[in-house]
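Chemist: sharing a sequence plus its predicted fold:
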Amino acid sequence: MTDDWCGWREATRTALYGDGGFYRRPEGPAGHFRTSVHASGLFASAVARLLVRTARELGSDTVDLVDVGAGRGELLTGVLAALPSEAPSLTVRAYAVEIAPRPPGLRPDITWGAGIPQGARGLLFANEWLDNVPADVAEADADGVARRVLVRRSDGAERLGDPVTGADARWLERWWPLARPGDRAEIGRPRDEAWAEAVGSLAGGLAVAVDYAHVRAARPPFGTLTGFRSGREVPPVPDGSSDLTAHVALDACAAATAHLGGGAELLDQRTALRELGVSGERPPLARASADPAGYVRALASAGEAAELTARGGLGDFGWLRQWV
């Protein structure tokens, strides 16, 4: 690691995915932060129901499930475990897309690789993937000119570089204009391109991105770039010691796949999971006397569902659904 100054996109790419980078560590993402997948098995069960619905839309009893940014295969393992009760006759070809090596003990029917498979028909699911697609940061200087923010890899110190030009400048103008000196933005063009490539890999079916998100009418004025390590938020330093993440302009991602047809839809996780049977409603109290054990199980399940759909928490995650 050197003290060279560079843009946040280059620094993040090296810190997360380079040799010895954060996402190549053996403990995996679950060793540092908790996603919906880790919060409750109800999330995997909901994705299993979504996969079944997708198979029905395609009119097929054989379907592909592609997990982009698969971590250590936790979501795929949960979905495959839930499927026998959801659709016992459905045949699933499961693909984990992840740069880290295949974890030991993973189910042998899960195909592991670093690239998104081409021509899949089924469900492509990307949970907290786009927020880790490296993006440059821009800041408006004293004259209101959007300049690229440079960062020193060793300690996260920043300074302003050259003005943003070309395709990145056009993206800012359309999706995240900087109104006042000091305003900051993460330039989401690489996320748009990554999402378009992922959706374009499908021969048919549904692509879903789930992430921290915002839309043009409510962009945060100073950006969202931050770090996470060992379950705690930390200053973003691109030295490979922590996760580096920034919320996603999902409306821009949706526009990037409009040419593919099929229609895109933006909604929050609360709404999406309730459509899939995860409501968080407490079981009726009368059940406590008639079926005490069942009541306790239902109560625990309701608590987990409430966490997945909570306002101000996981329920506020954005879901982008794109049919192909």
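Modeler: Thanks, I have the structure now. Residues are numbered from 1 along each chain as shown.

Chemist: contact partners of the helix or strand harbouring R321?
Modeler: In this structure, R321 sits in strand 318-323 according to DSSP states H and E. With contacts defined as C-beta atoms under 8 Å, 6 or more residues apart in numbering, strand 318-323 is touched by 195, 199, 205-214, 248, 250, 253-254, 257, 260, 262-269, 271-272. Backbone N, C-alpha and C define where each C-beta goes, glycine included.

Chemist: try 6 Å this time
Modeler: Residues outside strand 318-323 that contact it (C-beta atoms under 6 Å, 6 or more residues apart in numbering): 199, 206-211, 213, 250, 253-254, 257, 262-267, 269, 272.

Chemist: and stretch 123-132, by the same measure?
Modeler: Residues outside stretch 123-132 that contact it (C-beta under 6 Å, 6+ apart): 35, 51, 54, 65-69, 191, 202, 205-212, 245, 248.

Chemist: residues near E86, how many?
Modeler: Close neighbours of E86, defined as other C-beta atoms under 10 Å, add up to 15.

Chemist: so what's it closest to, chain neighbours aside?
Modeler: A48 (4.9 Å; C-beta to C-beta, 6 or more residues apart in numbering).

Chemist: wait, isn't the one you found in contact with T77?
Modeler: No. Look at A48 against T77 with C-beta atoms under 6 Å: they stay out of range, at 11.4 Å.

Chemist: ok, these two, which is more surrounded?
Modeler: Shown here are A48 and T77; by other C-beta under 10 Å, A48 has more neighbours (25 against 21).

Chemist: secondary structure class of that one, three-state.
Modeler: When classified by DSSP: H, G, I helix; E, B strand; the rest coil, A48 comes out as helix.

Chemist: roughly how far does it sit from V63?
Modeler: Note on A48: its distance to V63, by C-beta to C-beta, to the nearest Å, is 11 Å.

Chemist: not counting its neighbours along the chain, what's nearest L65?
Modeler: A94 (4.9 Å).

Chemist: list the contacts for the one you found?
Modeler: Counted by C-beta under 6 Å, 6+ apart, A94 has contacts 65, 76, 110.

Chemist: inside helices: which ones of these?
Modeler: Among these, the ones falling in helices (DSSP state H) are L76.

Chemist: among the contacts of A94, which one sits closest to A157?
Modeler: L76 (39.6 Å; C-beta to C-beta).

Chemist: that closest one - how many residues pack around it?
Modeler: 28.

Chemist: again, but for the one 3 residues further on
Modeler: Around V79 there are 27 other residues, counting by other C-beta under 10 Å.

Chemist: returning to that earlier point: now the host helix or strand of the residue nearest to L65, how far from the chain's geometric center?
Modeler: Assessed by DSSP H and E, A94 sits inside strand 91-97. Here the centre of mass of C-alpha atoms in strand 91-97, compared against the chain's by C-alpha atoms, centre = their mean, to the nearest Å, lies 18 Å away.

Chemist: C-alpha coordinates for that strand, CSV please?
Modeler: The C-alpha trace of strand 91-97 is given here as CSV (Å, rounded to 0.1, in the frame of the first residue of the first chain):
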residue,chain,number,x,y,z
THR,A,91,-35.6,-28.4,-10.7
VAL,A,92,-33.1,-25.5,-9.9
ARG,A,93,-29.7,-24.9,-11.4
ALA,A,94,-28.0,-22.6,-8.8
TYR,A,95,-25.1,-20.3,-9.6
ALA,A,96,-23.0,-18.3,-7.1
VAL,A,97,-21.2,-15.3,-8.5
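
Chemist: just checking: what are the partner strands of that strand?
Modeler: Strand pairing for strand 91-97, using DSSP bridges, gives strand 62-68 (parallel), strand 110-113 (parallel).

Chemist: pick the most deeply packed of the ones you listed.
Modeler: Counting by mean count of other C-beta atoms under 10 Å, strand 62-68 has the highest mean neighbour count of these, with a mean of 23.

Chemist: excluding sequence neighbours, find me the nearest residue to W195.
Modeler: Nearest-residue entry for W195: C253, 4.3 Å, with adjacent residues in sequence omitted and distances by C-beta to C-beta, 6+ apart.

Chemist: likewise for L160?
Modeler: In space, L160 is closest to R147, 4.4 Å off (C-beta to C-beta, 6+ apart).

Chemist: doesn't that neighbour lie inside a helix?
Modeler: No. Going by three-state DSSP, the assignment for R147 is strand, not a helix.

Chemist: all numbers from here: first residue = 366
Modeler: Okay, residue one is now 366; in that scheme the one you just asked about reads as R512.

Chemist: so it touches E523, yeah?
Modeler: No. R512 lies out of contact with E523 (C-beta under 6 Å); the separation is 11.0 Å.
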